[in-house]
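> Got a sequence here, can you build the structure:
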Amino acid sequence: FSRFLDLKCLSKELPEEFKEYYKEDEYERSQEYTRENARFSYITSTFDLIIMLLVIFLGLFNYVDLWVRGFGFSPIITGLVFFGVLFVIQDIIGIPFSLYRTFIIEEKYGFNKTSPKTYIMDKIKGYFLLIILGGLVLSLILSFFQNFGDFAWLYAWVVLSGFLVLIQPLFTLVIAPMFNTFTPLDDGELKDRINDFAKKVQFPIARIDVMDGSRRSSKANAYFSGLGKNKRIALFDTLIEKHSVDELLSIIAHEVGHFKKKHNIKGIILGVIQSGIMFFLLS
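Residues are numbered from 1 along each chain as shown. Reported below is the predicted structural model:
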C-alpha cells in the first residue's frame with residue numbers, strides 16, 4: 001500500500017528545489033526507474049502469494065513432510081531437511097525474478113555492475129551462511145520443541161532474541177567482509193571532518209571504511225553497523241567518487257540520525273517481540 005501511495009506522488013516535473021542539482025531528463029529517468037521497480041515488485045509479490053496459496057490448499061507442505069520423514073532421520077535432522085528443501089524450492093522459483101531485476105532492470109538504467117561470477121558466488125556464500133548460522137539456530141529451536149514441552153517456545157524465543165542481538169557485530173566482523181572488501185578511509189579532509197562531526201554529536205566510531213560497492217552496482221550508499229563502541233561507518237566507493245566532502249558529511253549525518261533515533265535498537269526490540277508472539281502461537 002505504501003508503494004502504491006509513493007507511485008501516486010511521482011511526477012515527471014522537476015521540483016524547483018532540485019533544478020540546480022538535476023537535469024530534467026535525469027529526474028524523469030529516475031522516476032521511471034522507481035515506477036518500473038514498483039511494478040516489478042507488484043508482480044513478484046503477487047506471484048509469491050499465489051504460490052503460497054497453492055502450496056497451502058494443495059497440501060504440498062504435508063507431501064514434503066511425509067517424504068522427508070520417510071528417510072528415517074532423527075526428528076531434528078528431519079526438521080532441518082524439511083526447512084532446507086522448502087528454502088531450496090523457494091530460492092529456485094525466485095532466481096528468474098532475481099536475474100531479471102539484476103541483469104535487465106538494473107542494467108537498463110545503468111546501475112548493474114554484477115558479473116555472472118559474482119552473482120553465483122553470492123548465492124554460494126548465502127547458502128553457506130544459511131547452513132551454518134541458520135542450521136545452528138534452527139537445530140536449537142527444534143531441540144527445544146522436542147524436549148521442553150509447554151515451555152519450549154520460551155527457550156526458543158530466548159535463543160532467537162540472543163541471535164538478533166549478536167547478528168549486529170557478527171555482520172560487521174564476519175558476514176559483510178565475506179561479500180565485500182573494506183579498506184580503511186585514507187587520512188585527509190574527509191576523514192578529519194567525519195571524526196570531528198562524530199565527536200560533536202557524540203557518535204562513537206571504531207572504524208571508517210570504504211566498501212567496494214562498485215563490484216555490484218554503480219549506486220552510491222553508506223551505512224553504519226555494530227553495537228556499542230564497535231561501530232563502523234561504511235562508505236561505498238561510488239559514493240566518494242560522486243560527491244563532495246560537504247555532501248558526504250550530510251549523508252553521514254543522515255546515518256547518524258538513525259543512531260540518534262535508536263532505529264537499530266527499536267528494530268531489534270520489535271523483532272524480539274514479533275518472534276516471541278510467533279513462538280507462543282506455535283506452541
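
> so where's this protein shaky on pLDDT?
Applying pLDDT under 70 to the chain flags the ranges 1-2.

> rerun that using 80 as the cut-off
Scanning the chain for pLDDT under 80 picks out 1-12, 226-231, 282.

> Spell out, range by range, the helices that occur in it.
2-9, 24-57, 60-69, 75-100, 106-108, 116-129, 135-147, 152-170, 176-179, 189-200, 237-242, 245-260, 263-282 (DSSP state H).

> For the ones you listed, please prepare CSV with the additional fields distance to V210.
Just so you know, the C-beta spots here come from the backbone N, C-alpha and C atoms, and that holds for glycine as well. Formatted as CSV, these follow (distance: least, Cβ to Cβ, whole Å):
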stretch, distance to V210
helix 2-9, 31
helix 24-57, 25
helix 60-69, 45
helix 75-100, 27
helix 106-108, 22
helix 116-129, 18
helix 135-147, 32
helix 152-170, 20
helix 176-179, 13
helix 189-200, 10
helix 237-242, 5
helix 245-260, 11
helix 263-282, 22
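
> Minimum distance to Y223: which of the ones you listed has it?
For these, the distance to Y223 is smallest for helix 245-260, at 6.3 Å, taking Cβ to Cβ.

> List the buried residues in that closest one.
Residues L248, I252, E255, V256, F259 are the ones in helix 245-260 that count as buried (16 or more other Cβ atoms under 10 Å).

> give the contact list for the first one.
Okay, so that is L248. By Cβ atoms under 8 Å, 6 or more residues apart in numbering, L248 lies in contact with L190, I194, A222, L235, L239, I240.

> So which of the residues you listed is the closest to R69?
Ranked by distance to R69 (Cβ to Cβ), the contacts of L248 are led by A222 at 48.1 Å.

> Out of the helices of the chain, which is closest to M211?
The nearest among the helices of the chain, by Cβ to Cβ, is helix 237-242 at 6.7 Å.

> Which strands and helices lie in contact with that closest one?
Packing partners of helix 237-242 (3 or more Cβ pairs under 8 Å, 6 or more residues apart in numbering; DSSP states H and E): strand 207-211, helix 245-260.

> Restricting to C-alpha, output that helix in CSV.
What follows is helix 237-242, C-alpha atoms only, in CSV (Å, rounded to 0.1, in the frame of the first residue of the first chain):
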residue,chain,number,x,y,z
ASP,A,237,33.5,3.8,-3.2
THR,A,238,30.9,5.0,-5.7
LEU,A,239,29.6,7.5,-3.0
ILE,A,240,33.1,9.0,-2.5
GLU,A,241,33.6,9.1,-6.3
LYS,A,242,30.4,11.1,-7.0
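
> right, and out of the contacts of L248, which lies closest to T183?
Comparing these against T183 with Cβ to Cβ picks out L235 as the nearest, at 10.1 Å.

> does that closest one have beta-bridge partners, and which?
On the basis of DSSP bridges, L235 is bridged to V210, A222.

> mind checking how far it is from E13?
Distance of L235 to E13, given as Cβ to Cβ, to the nearest Å: 32 Å.
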